[in-house]
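**Student:** Pasted the sequence and its predicted model underneath.
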Amino acid sequence: MTSTANILRLVAAVTATSLILTLGGCRSGKQTRVPQEQTVPGQEQTVTPVQARPAAADFRLMTESYTPWTDVEVPVKVSLTKPKKTSVSGTLTMVYGKCMALTVKMLFIEAASMYADNDSVIIVSKPLGKYYKESMHTFTTRLGLTLADLQSVLLGQAFEPGKGTARGSAAQAFSFEAKALDDELTSVTVSPARQSDKYEWSYTFVSPADLSLGAPRLMSIDVKAADNSLSGTYMSFDETGCGLAASSLEISGTAKKRAVGATVTTSFGRAAWNTGAAPSKPRIPRGATRITTEQIFKLLK
């Protein structure tokens with residue numbers, strides 16, 4: 001495969017992944033249902049529910065494991081599995097609530113760069129003279145999520161729609177449904193108390209009965225918006241400069257009726273936190289050709 005074709009696939013992978021990560025919505029509200037004590041037929045013992053704490057209390061415990069942050073630079077690897085298998089590695093820079101940027105290099109030369117702020121999403125490949133640009137307003141008005149919300153998704157941290165990383169006081173904005181997984185773990189599905197008829201979303205966190213084993217942590221996020229559906233599963237967590245955060249995120253679903261899948265691996269051990277990082281918006285080369293979302297998926301095919 002030629003170097004141009006390689007770069008083209010890199011641009012497509014970076015762009016498609018940024019589109020996947022900007023899907024979001026709200027699921028219908030649900031009431032908290034904590035398992036009740038019950039007697040096992042034929043036995044005298046009583047099965048005690050493993051989740052003695054209210055789900056909202058565990059939500060507060062989970063959010064207390066997060067610490068405020070201003071900016072971070074960290075190596076990431078994005079492996080796209082559908083609709084095409086390819087992977088890219090680069091440096092992700094995020095300024096909380098303001099902007100984020102991903103730079104991808106090939107043979108020490110910048111092959112593509114992705115940038116998003118509260119105004120727009122831009123992906124540029126100077127070697128190819130191509131770029132992608134979309135208004136962030138397109139995403140935020142349709143999905144009800146802000147840039148800070150999306151940054152929380154990438155970090156594997158619970159968020160309050162439109163307000164970024166959730167704090168304990170946000171519990172009143174959600175409804176909770178608890179379900180015992182076994183004698184040690186309970187899963188809690190969290191949905192916004194107010195939801196939209198245009199999109200749905202919820203996330204699930206897992207809480208140990210014995211808190212000495214660790215704080216509750218996010219397990220997955222599920223999204224549905226028009227023809228798009230998305231499930232994200234957090235596979236592993238690290239203690240980081242922003243508290244407990246996910247170092248591996250597996251994504252699967254559909255975008256524009258096409259199957260999509262990706263894994264995002266973040267190397268927090270090499271991260272630099274709160275150093276004043278300020279990524280700049282990439283300059284679109286003169287004469288560069290603009291590519292559309294539809295063309296991205298054609299490139300991946």
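**Tutor:** It's in.
**Student:** all strands of the stretch 101-250 of the chain, in order?
**Tutor:** With DSSP state E, counting those that start in this stretch as the criterion, the stretch 101-250 of the chain has strands at 109-117, 120-125, 130-135, 159-160, 164-165, 174-180, 185-192, 199-208, 217-225, 228-240, 243-255.
**Student:** Let's have these in JSON lines, adding distance to Thr146.
**Tutor:** Yep, even glycine has a C-beta here, placed from its N, CA and C like the rest. Output for the strands of the stretch 101-250 of the chain, formatted as JSON lines (distance: least, CB to CB, whole Å):
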{"stretch": "strand 109-117", "distance to Thr146": "11"}
{"stretch": "strand 120-125", "distance to Thr146": "13"}
{"stretch": "strand 130-135", "distance to Thr146": "14"}
{"stretch": "strand 159-160", "distance to Thr146": "9"}
{"stretch": "strand 164-165", "distance to Thr146": "7"}
{"stretch": "strand 174-180", "distance to Thr146": "17"}
{"stretch": "strand 185-192", "distance to Thr146": "14"}
{"stretch": "strand 199-208", "distance to Thr146": "14"}
{"stretch": "strand 217-225", "distance to Thr146": "15"}
{"stretch": "strand 228-240", "distance to Thr146": "17"}
{"stretch": "strand 243-255", "distance to Thr146": "19"}
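**Student:** which of those has the lowest average pLDDT?
**Tutor:** Set side by side, those differ in mean pLDDT, and strand 109-117 is lowest with a mean of 80.
**Student:** buried residues in that strand?
**Tutor:** For strand 109-117, a neighbour-count test (16 or more other CB atoms under 10 Å) marks Ala111, Ala112, Ser113, Met114, Tyr115, Ala116, Asp117 as buried.
**Student:** just to revisit the earlier point, list just the one of the strands of the stretch 101-250 of the chain that sits closest to Ser280.
**Tutor:** Nearest to Ser280 among the strands of the stretch 101-250 of the chain is strand 109-117; the distance by CB to CB comes to 8.1 Å.
**Student:** CA atoms only: put the closest one into PDB for me.
**Tutor:** Extracted C-alpha coordinates of strand 109-117, given in PDB (Å, rounded to 0.1, in the frame of the first residue of the first chain):
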ATOM      1  CA  ILE A 109       5.800  13.600  10.200                       C
ATOM      2  CA  GLU A 110       2.300  14.900  11.100                       C
ATOM      3  CA  ALA A 111      -0.200  12.900   9.000                       C
ATOM      4  CA  ALA A 112      -3.400  14.300  10.500                       C
ATOM      5  CA  SER A 113      -4.700  16.400  13.300                       C
ATOM      6  CA  MET A 114      -8.100  16.600  14.900                       C
ATOM      7  CA  TYR A 115      -9.300  19.600  16.900                       C
ATOM      8  CA  ALA A 116     -12.600  20.300  18.600                       C
ATOM      9  CA  ASP A 117     -13.800  23.300  20.700                       C
END
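**Student:** Tell me how far it lies from the chain's centre.
**Tutor:** Put simply, strand 109-117 sits 19 Å off its chain's centre (CA atoms, centre = their mean, to the nearest Å).
**Student:** now do stretch 128-141
**Tutor:** If you compare the mean C-alpha spot of stretch 128-141 with that of the full chain, they lie 18 Å apart, counting by CA atoms, centre = their mean.
**Student:** now stretch 210-225
**Tutor:** On the basis of CA atoms, centre = their mean, stretch 210-225 sits 13 Å off its chain's mean C-alpha point.
**Student:** Could you do stretch 248-256 as well?
**Tutor:** Taking the mean of its C-alpha atoms, stretch 248-256 sits 10 Å from the chain's own mean (CA atoms, centre = their mean).
**Student:** send the alpha carbons of that stretch over as PDB?
**Tutor:** C-alpha atoms of stretch 248-256 as PDB (Å, rounded to 0.1, in the frame of the first residue of the first chain):
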ATOM      1  CA  SER A 248      -9.500   1.400  27.900                       C
ATOM      2  CA  LEU A 249     -12.800   2.100  26.200                       C
ATOM      3  CA  GLU A 250     -14.500  -0.300  23.700                       C
ATOM      4  CA  ILE A 251     -17.000   1.200  21.400                       C
ATOM      5  CA  SER A 252     -19.600  -0.600  19.200                       C
ATOM      6  CA  GLY A 253     -22.800   0.400  17.500                       C
ATOM      7  CA  THR A 254     -24.200   2.000  14.300                       C
ATOM      8  CA  ALA A 255     -23.600   5.400  12.700                       C
ATOM      9  CA  LYS A 256     -25.700   6.400   9.700                       C
END
